[in-house]
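Chemist: Show me how the following folds:
(chains A and B)
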Amino acid sequence: MESIGVLMTCPPPDAYLVEQLEKRFTLYKFHSIPDKAHFLNSNKASIRAVVGSASAGADAQLIHQLPNLEIVSSFSVGLDKIDLAKCKERGIRVTYTPDVLTDDVADLAIGLMLAVLRRLCQSDRYVRSGQWKKGDFKLTTKFTGKSVGIIGLGRIGLAIAKRAEAFRCPISYYTRTEKSDGVLINIGRGPHVDEPELVSALVEGRLGGAGLDVFQDEPIVPEELFGLENVVLLPHVGSGTMETRKEMADLVIGNLEAHFLNRPLLTPVL
Amino acid sequence: MAMIPGTKNKMERNNINPQDLTMASDANQECFPSNDDLPTVLLHRLPSFNSPLKEILQPHFHLLDPADSPEPATSFLSSHAKSVRALVCIYNTPLSAETLSLLPSLEFIVATSAGVDHIDLEECRGRGIIMTNASKAFAEDAADYAVALLIDVCRRISTADRYVRAGLWQVNRDYPLGFKLGRKRVGIVGLGRIGFEVGKRLEAFGCSIAYNSRQKKPSIPFSYHANVVDLAEDNDALILCCPLTEQTHHIINRQVLEALGKEGVIINVGRGGLIDEELLVKFLSRGDIAGAGLDVFENEPDVPREVFELDNVVLSPHRAIFTPESLEALNELVFTNLKAFFSNKPLQSVFKIEGKDYPVM
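Modeler: Take a look at the predicted model:
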């Protein structure tokens, strides 16, 4: 399979993944190629697979430029960076990495809720900066028993609900109310939320707090958020554990191998 | 007297007539039962410790507050407290054998914290004094906090937040990976109320739960280990939820840390003295354990400087139970227990003092 060209359209998300791809295929790292147009022109015929992630996948334009593209294997469970309609039209297979990252993302969602309500990051800063010697940190808000609203009741939403129930949190699905003591957690995708509106709601105190793992234009994070103590900001680490990234990489590789060996795909979308 | 917001409804559910409490807010002194009719309760506190409990208890008990008197404490107690049967210990005001000797009629101590290491337990046990603590009021918040610290250490939440705020994510897209929480084997040291709540929560994350406690608890389906070294050997994370006593001082020692191993994590929401802190810092600095989440320290508010350099440690200024919800629950618990004591009814959140071993709750 070494002659099969695989185009990685995202910045390499994981060293193990890159290593495994390079062992089996001819891997092109699109992100670091200076003259992309020239490159595509010269190499398009050999590219039969694309590997994407949450940051970049395969849009209509790219798909159009790859006449021999057969499969898009995404290192993510989110599919927003892939033009699925175009893939369907062209008969291009698409795979993703569901289930293996469900627990990690749900764990992080609860971790963010706890971190925001109990001001964990701020407390940590309070100790490190020597302020504890001058006085006690303030009271924070209890998490157990608080009502939790989950938008999106897929695998991840259900896993979050299961955990929240252990904290006696009444669960409701889909709420769209502005609450001055409400906390928003986003472990989905940045564009789910109107980011400028979120920022002004937080700055103006119309929203009680936020735990954000994803942003509209990663890695850019609105600087107005840096000064807020009721906000926790993470660099898209929802699935960021050694164990899960390996399982995701194995799925990406497994799907590609299955395709090129004419076996059933492991986790197909299309 | 100000009513604590939300207290009224809770008290109605507990069959406490809110009229009993609101009576005091009527300024009509003639309706006030005389102090002679009210049971006497001694408020034991450092002068700097002001607690809303004084206001809450005042209309219902004859309160003695030596900290408020110009008289020195020992002479105050000698003159006024000989027949006192009940004492409320505010926060961690030390309660020594010496003070206890001035209270010959004392039968009941209400502690207002979960930890009672500031009270001479041996002396209390010898005199058969009953003690209640705040565990029932605090257990959920303490458990939430222990879980919060564990997730933070495993998933590097505080470190990552610092990283983003410093603008580093734009410079370097890669952020070091954390460790999966689910399927981690968690060992709880001390399966009292707090330990149990921790176990219950972590089970929902897919963790397997084991524990060490002075006695096995057959009704609880977690895996029992007879000692902390075995617990450390068999688990990936240790969560300390036990009281600090002579027996449990430095229960986390070299042997335990070595058994926990290089990938082990330790979370402490108990007391700093449970861990040999100097040794823990060495283990963390050398990478001989993977990380720690610490809400308590041996010499608060002093924290060993070496941990400030470390990214795998989450530090917290002893705040696990400090929410308005817990503090309100505490006030209710204290009131309820005092009423129960004086009417010979059952008490809640009893702290069993058992010999020189650390107690079972």
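
Chemist: Please enumerate the strands of chain A.
Modeler: A:5-8, A:26-29, A:47-53, A:71-75, A:93-95, A:148-150, A:171-173, A:183-186, A:209-212, A:231-233 (DSSP state E).

Chemist: contacting residues for residue 233?
Modeler: Chain wasn't specified; assuming chain A. Applying C-beta atoms under 8 Å, 6 or more residues apart in numbering or on different chains to A:Leu233 gives the contacts A:Leu212, A:Val221, A:Leu225, A:Phe226, B:Ala160, B:Asp161, B:Val164, B:Arg165. From N, CA and C alone the C-beta is placed, and that goes for glycine too.

Chemist: Not quite, go with chain B.
Modeler: B:Glu233 neighbours (C-beta under 8 Å, 6+ apart): B:Ala259, B:Leu260.

Chemist: Now with 7 Å, please.
Modeler: By C-beta atoms under 7 Å, 6 or more residues apart in numbering or on different chains, the contact list for B:Glu233 reads B:Ala259.

Chemist: Make sure it is indeed in a helix.
Modeler: Yes. Assigned with DSSP: H, G, I helix; E, B strand; the rest coil, B:Glu233 falls within a helix.

Chemist: ok, so what distance separates it from A:Asp181?
Modeler: Here the criterion is C-beta to C-beta, to the nearest Å. By it, B:Glu233 lies 44 Å from A:Asp181.

Chemist: Near chain B, which residues of the stretch 151-270 of chain A are found?
Modeler: A:162-163, A:165-167, A:219-221, A:226, A:232-235, A:237, A:240-245 (C-beta under 7 Å from any C-beta of the partner chain).

Chemist: could I have the longest helix seen in chain B exported to PDB, CA atoms only?
Modeler: Assignment by DSSP state H gives helix B:135-155 as the longest helix of chain B. The C-alpha atoms that make up helix B:135-155 are tabulated as PDB, following Å, rounded to 0.1, in the frame of the first residue of the first chain:
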ATOM      1  CA  SER B 135     -19.900  15.600  57.500                       C
ATOM      2  CA  LYS B 136     -23.600  15.200  56.800                       C
ATOM      3  CA  ALA B 137     -23.800  18.900  55.800                       C
ATOM      4  CA  PHE B 138     -20.500  18.900  53.900                       C
ATOM      5  CA  ALA B 139     -20.300  15.500  52.200                       C
ATOM      6  CA  GLU B 140     -21.600  16.400  48.800                       C
ATOM      7  CA  ASP B 141     -19.500  19.500  48.300                       C
ATOM      8  CA  ALA B 142     -16.400  17.700  49.600                       C
ATOM      9  CA  ALA B 143     -17.000  14.800  47.300                       C
ATOM     10  CA  ASP B 144     -17.700  17.100  44.300                       C
ATOM     11  CA  TYR B 145     -14.400  18.900  45.100                       C
ATOM     12  CA  ALA B 146     -12.400  15.600  45.300                       C
ATOM     13  CA  VAL B 147     -13.800  14.600  41.900                       C
ATOM     14  CA  ALA B 148     -13.100  18.000  40.500                       C
ATOM     15  CA  LEU B 149      -9.500  17.800  41.600                       C
ATOM     16  CA  LEU B 150      -9.100  14.300  40.200                       C
ATOM     17  CA  ILE B 151     -10.500  15.300  36.800                       C
ATOM     18  CA  ASP B 152      -8.300  18.500  36.800                       C
ATOM     19  CA  VAL B 153      -5.200  16.500  37.500                       C
ATOM     20  CA  CYS B 154      -5.900  13.800  34.900                       C
ATOM     21  CA  ARG B 155      -7.100  16.200  32.200                       C
END
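
Chemist: and the next element down the chain from that helix?
Modeler: helix B:157-165 (DSSP states H and E).

Chemist: Run the contact check for the helix or strand just after that next one versus chain A.
Modeler: Beyond helix B:157-165 in the direction of the C-terminus, DSSP H and E gives the next helix or strand as helix B:168-171. Yes. Looking at helix B:168-171 against chain A by C-beta under 7 Å from any C-beta, the contacts come from B:Trp169, B:Gln170.

Chemist: now swap in stretch B:264-284 and tell me
Modeler: No. Counting by C-beta under 7 Å from any C-beta, chain A is not contacted by stretch B:264-284; separation bottoms out at 11.6 Å.

Chemist: ok, which stretches of the stretch 51-200 of chain B are helices?
Modeler: B:53-57, B:73-80, B:97-101, B:121-127, B:135-155, B:157-165, B:168-171, B:193-203 (DSSP state H, counting those that start in this stretch).

Chemist: just checking, what packs against the last one?
Modeler: Identification of packing neighbours for helix B:193-203 by 3 or more C-beta pairs under 7 Å, 6 or more residues apart in numbering or on different chains; DSSP states H and E yields helix B:135-155, strand B:185-189, strand B:208-212.

Chemist: Just put those in CSV and tack on distance to A:Leu7.
Modeler: Shown next, in CSV, are the helices and strands packed on helix B:193-203 (distance: least, C-beta to C-beta, whole Å):
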stretch, distance to A:Leu7
helix B:135-155, 31
strand B:185-189, 41
strand B:208-212, 42
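
Chemist: among those, which is the most enclosed?
Modeler: Across the helices and strands packed on helix B:193-203, the average number of neighbours (mean count of other C-beta atoms under 10 Å in any protein chain shown) peaks for helix B:135-155, which reaches a mean of 27.

Chemist: quick one on the thing from earlier: filter the residues of the stretch 151-270 of chain A next to chain B to the buried ones?
Modeler: Buried members of those, counted by 16 or more other C-beta atoms under 10 Å in any protein chain shown: A:163, A:166-167, A:219, A:221, A:232-235, A:237, A:240-241, A:243-245.

Chemist: dump the residue contacts of the closest residue to A:Ala106 other than its chain neighbours.
Modeler: Distance criterion C-beta to C-beta, 6 or more residues apart in numbering or on different chains; nearest residue to A:Ala106, sequence neighbours excluded, is A:Ala159 at 3.6 Å. By C-beta under 7 Å, 6+ apart, the contact set of A:Ala159 is A:Thr102, A:Asp103, A:Ala106.

Chemist: what's the neighbour count on A:Ser46?
Modeler: Neighbours of A:Ser46 under the rule other C-beta atoms under 10 Å in any protein chain shown: 15.

Chemist: how close does the nearest residue in space to it that is not next to it in sequence sit to A:Pro34?
Modeler: Nearest residue to A:Ser46, sequence neighbours excluded (C-beta to C-beta, 6+ apart): A:Gly5, at 3.7 Å. Separation of A:Gly5 from A:Pro34 (C-beta to C-beta): 19 Å.

Chemist: who's more crowded, these two?
Modeler: A direct count of neighbours by other C-beta under 10 Å for A:Gly5 and A:Pro34 places A:Gly5 higher, at 19 against 6.

Chemist: pLDDT score for that one?
Modeler: Predicted confidence (pLDDT) for A:Gly5: 97.
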